[in-house]
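Asker: Any chance you can model this:
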Amino acid sequence: MNTQTLNKINILLALLALGVIGYLGYQNYTLNQTRIALEIELENTKQDFVSTTEKLSGDIEAFRNLLITTQGEKVTAEQETRRQQELLDGMTNTLGLYQKLATTDRELLAKYSKVYFLNELYTPKLSITIPTSYTLEPEKEKMISAEVWPFLKQMLDDAQATSTDLKIISAFRSFDTQSTLKSAYKVTFGSGASTFSADQGYSEHQLGTTVDFTTTKLGTNNLTFEKTSGYKWLTENAYKYGFILSYPKGNAYYIFEPWHWRFVGKGLALRLHDEGKNFYDLSQRDINEYLLTIFQH
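Answerer: Numbering: from 1, shown residues only. Next up is the predicted model:
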């Protein structure tokens, strides 16, 4: 191989080496630029992530605060709603009580018997005829307040269940009937009639809530009713049904009348029983507190 050919080969090799070096340098430059760009993008991404994270944390905190506020407002709203409902219920109950009081006959717990006068036109709002199986004289109709009857019936049925003999001899008496009865007593007993019989307008019987008891054996002559098992049963149990003995021994109005029982409601009857008091021992104001519940079972 001559010198000229060898030189050409060297020149070509040199050019090839320069090309390779240039290519590698360019590739290195390109990779370096790409790396720098990626690093910048990564840094920007990190910053964006931090910013987004901070914003998200802020949003979460704001949402949490909003939730707390909303829950607080909800609780407050619920409390206010309950308060308003309680006020409404209270007003409704009060209105109901006033309406009930307005429709409740105030005479039902009035203290008659020489104390208060009952108008001659007064009659119970609604009366029913007592079934003859509960009365002494079936041929004579006996009336009682329709509202009192369920209590009276239950009492008589329970007494009968214990084989206790109780019969009703007298119940509602009108003003005129009481007047006639009192006049008859005056003819027989004179002024002494006032010790055991009320004048018309002062009798508890006109209320339609009072009954006189006897037994089948005693019949119409019930003066010794105190000695019967019926009287004993009543003294032990009548209060449970709302009935009280109007004229016990030592009362200031009439002679002891063991047969005479008046309905005053379970609440008042229980109080009188527990405190050992007579109906006429209480003030009218105290008694009137039981008007609203007089027919409460």
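
Asker: what about the helices in the stretch 51-200 of the chain?
Answerer: Using DSSP state H, counting those that start in this stretch, the helices of the stretch 51-200 of the chain run over 149-161, 175-189.

Asker: Quick one: find the helix or strand in the protein with the lowest mean pLDDT.
Answerer: helix 175-189 (a mean of 48; mean pLDDT, DSSP states H and E).

Asker: How about residues contacting the helix or strand following that helix?
Answerer: Later in the chain than helix 175-189, the nearest helix or strand by DSSP states H and E is strand 210-214. Strand 210-214 has contacts (Cβ atoms under 8 Å, 6 or more residues apart in numbering) with 136, 144, 152, 166-171, 204-205, 220, 222, 225, 230-231, 234, 246, 257, 259-263. In this view, the C-beta of every residue, glycine as well, is placed from N, C-alpha and C.

Asker: mind running it again at 6 Å?
Answerer: With contacts defined as Cβ atoms under 6 Å, 6 or more residues apart in numbering, strand 210-214 is touched by 136, 166-171, 204, 222, 259-262.

Asker: Would you format these as JSON lines with distance to residue 45, neighbour count and pLDDT included?
Answerer: Formatted as JSON lines, the contacts of strand 210-214 follow (distance: Cβ to Cβ, whole Å; neighbours: other Cβ atoms under 10 Å; pLDDT from 0 to 100):
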{"residue": "136", "distance to residue 45": "109", "neighbour count": "21", "pLDDT": "96"}
{"residue": "166", "distance to residue 45": "101", "neighbour count": "22", "pLDDT": "98"}
{"residue": "167", "distance to residue 45": "105", "neighbour count": "20", "pLDDT": "98"}
{"residue": "168", "distance to residue 45": "102", "neighbour count": "22", "pLDDT": "98"}
{"residue": "169", "distance to residue 45": "108", "neighbour count": "21", "pLDDT": "96"}
{"residue": "170", "distance to residue 45": "106", "neighbour count": "22", "pLDDT": "94"}
{"residue": "171", "distance to residue 45": "101", "neighbour count": "24", "pLDDT": "95"}
{"residue": "204", "distance to residue 45": "100", "neighbour count": "23", "pLDDT": "88"}
{"residue": "222", "distance to residue 45": "110", "neighbour count": "23", "pLDDT": "93"}
{"residue": "259", "distance to residue 45": "106", "neighbour count": "25", "pLDDT": "96"}
{"residue": "260", "distance to residue 45": "103", "neighbour count": "22", "pLDDT": "96"}
{"residue": "261", "distance to residue 45": "98", "neighbour count": "25", "pLDDT": "98"}
{"residue": "262", "distance to residue 45": "97", "neighbour count": "24", "pLDDT": "98"}
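
Asker: Out of the residues you listed, flag the one nearest to residue 79.
Answerer: residue 262 (48.8 Å; Cβ to Cβ).

Asker: The closest residue to residue 265 other than its chain neighbours and residue 151, how far apart?
Answerer: Take residue 265 and drop its neighbours on the chain: the residue closest to it by Cβ to Cβ, 6 or more residues apart in numbering is residue 294, 3.7 Å away. Per Cβ to Cβ, to the nearest Å, residue 294 is found 10 Å from residue 151.

Asker: now residue 232
Answerer: Distance from residue 232 to residue 151, by Cβ to Cβ: 20 Å.

Asker: more crowded one of the two?
Answerer: Taking neighbours as other Cβ atoms under 10 Å, residue 232 and residue 151 compare with residue 151 leading, 22 against 13.

Asker: quick one: contacts for that one?
Answerer: Taking Cβ under 6 Å, 6+ apart, one finds 241-242 in contact with residue 151.

Asker: Mind doing that once more with 10 Å?
Answerer: Taking Cβ atoms under 10 Å, 6 or more residues apart in numbering, we find residue 151 in contact with 144-145, 209, 240-243, 263, 265-266, 269, 295, 297.

Asker: Next one, pLDDT for the residue nearest to residue 265 please.
Answerer: Confidence at residue 294, expressed as pLDDT, is 95.
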